[in-house]
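In: with the input below, show me the fold.
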Amino acid sequence: MTTTSPTTAEYIASPNRVLSAANGIDHAYRDVGEGTPPLVLLQHFRGNLDNWDPALIDALATDRRVVTFDNAGVGGSTGTTPSTITQLAIDAIAFLEAMELDRVDLLGFSIGSFVAQEIALIRPAVVRRLVLASSAPQGAAGMHGWAPEVIEAVGAPAPNPDGYLSVFFTRSTASRQSGVEALGRMAARTEDRDKSTSWQTRQAQYDAVCAWGIPDHALLQRVSAIDLPVFVANGDSDPMILPHYSYLLGGLIPQAQVKIYPDSAHGFLFQHHAEFAGDVEAFLSAAE
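Out: Sure thing, here's the model as predicted:
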């Protein structure tokens, strides 16, 4: 069973910062740890800075600099959330430019992993290594929207902790307890919390997900142009982005490696935060 680490403190204590980008967006972000290249994280559907598990961020930041941020219109960032993955990627690139980060590692989670793929295709020179958590390629069959029970659980107007647990964790006692503990860690920050994401963000992001998932066999070939090391990971019981999409990505991306974590769902990286952080560090530190 996953337990809360007593050293989980750096991300919780990290101040919210704001940076103005050339696209006119004031991006909210947090910046912890030290080391180059930095690891920049791209968040899941409706997620903000406080929806990252502090235990995961602190583990990732043990040996490197980690940057989390709100994309346009999300949480504490200004502007309107776009409804296409391409525009989300363009806005994320504007943030990287404003941060003066010309070479980074990217970790994209869920919709953030779609954005990470697009960044690697639009601006390949900026990405050294890529981590895709709970991901799928554009045009994959079966990704045109999520199952009704999934979008009902995580897409309703009001936050639904039970719905979150049902999608991000399995029904096993161990996984569900890990979920409760992860939610506790995310709620541990009581001051200077990020702003909640809006209904406009929810609608725009889901439009982007649905457009990304329109079946198109020709579009699957796009990711073969990602010519850099890629670590693809998922939980074995993810109901939101099924693990077979990880294997599909692994077959399409020339330098991809795949790992599926046991008894876990969409939130596998929070449930298995120590193991996942170790795997990410090993991948990012591997010799070229």
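In: what sits closest to Asn160 if chain neighbours are left out?
Out: Nearest non-adjacent residue to Asn160, counting by C-beta to C-beta, 6 or more residues apart in numbering: Ala153, 6.3 Å away. (C-beta placed from N, C-alpha, C; glycine too.)
In: please report the distance of the one you found from His144.
Out: Relative to His144, Ala153 is positioned 18 Å away (C-beta to C-beta, to the nearest Å).
In: higher neighbour count, the two?
Out: For Ala153 versus His144, neighbours defined as other C-beta atoms under 10 Å are more numerous around Ala153 (20 against 14).
In: what about the nearest residue to Thr62 once chain neighbours are set aside, neighbour count?
Out: Once flanking residues are discounted, Thr62 sits nearest to Gly33: 7.2 Å by C-beta to C-beta, 6+ apart. A count of nearby residues for Gly33, using other C-beta under 10 Å, gives 19.
In: please apply the same query to the one 5 residues further on.
Out: The local packing of Pro38 (other C-beta under 10 Å) involves 19 other residues.
In: what do you get for the one 5 residues further on?
Out: Here the neighbour count serves as a burial measure; for Gln43 (other C-beta under 10 Å) it reads 23.
In: the helix or strand where the residue nearest to Asn160 lies packs against which elements?
Out: According to DSSP states H and E, Ala153 maps onto helix 148-154. The contact analysis (3 or more C-beta pairs under 8 Å, 6 or more residues apart in numbering; DSSP states H and E) places helix 148-154 against helix 161-168.
In: between the helix or strand that the helix it packs on is followed by and helix 161-168, how big is the angle?
Out: Using DSSP H and E, the next helix or strand after helix 161-168 towards the C-terminus is helix 173-186. Here helix 173-186 runs at 120 degrees with respect to helix 161-168, directions being taken by axes from the mean of the first three to the mean of the last three C-alpha atoms, to 10 degrees.
In: got the buried residues for helix 173-186?
Out: Across helix 173-186, burial judged by 16 or more other C-beta atoms under 10 Å covers Ser175, Ser178, Gly179, Glu181, Ala182, Leu183, Arg185, Met186.
In: for it, packing partners?
Out: Under the contact criterion of 3+ C-beta pairs under 8 Å, 6+ apart, helix 173-186 touches helix 54-60, helix 161-168, helix 268-271.
In: kindly export the shortest one (C-alpha atoms) in CSV.
Out: Output for helix 268-271, consisting of C-alpha atoms alone and laid out as CSV, is shown next (Å, rounded to 0.1, in the frame of the first residue of the first chain):
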residue,chain,number,x,y,z
PHE,A,268,-1.1,5.1,-11.8
LEU,A,269,1.6,7.7,-11.5
PHE,A,270,0.2,8.9,-8.2
GLN,A,271,-0.5,5.4,-6.8
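In: packing partners of it?
Out: In terms of contacts (3+ C-beta pairs under 8 Å, 6+ apart), helix 268-271 is packed against helix 54-60, helix 173-186, strand 230-235.
In: might you quantify the distance of stretch 164-174 from its chain's geometric centre?
Out: Centroid separation for stretch 164-174 versus its chain: 18 Å, with C-alpha atoms, centre = their mean, to the nearest Å.
In: same deal with stretch 222-240?
Out: With C-alpha atoms, centre = their mean, you get 12 Å for stretch 222-240.
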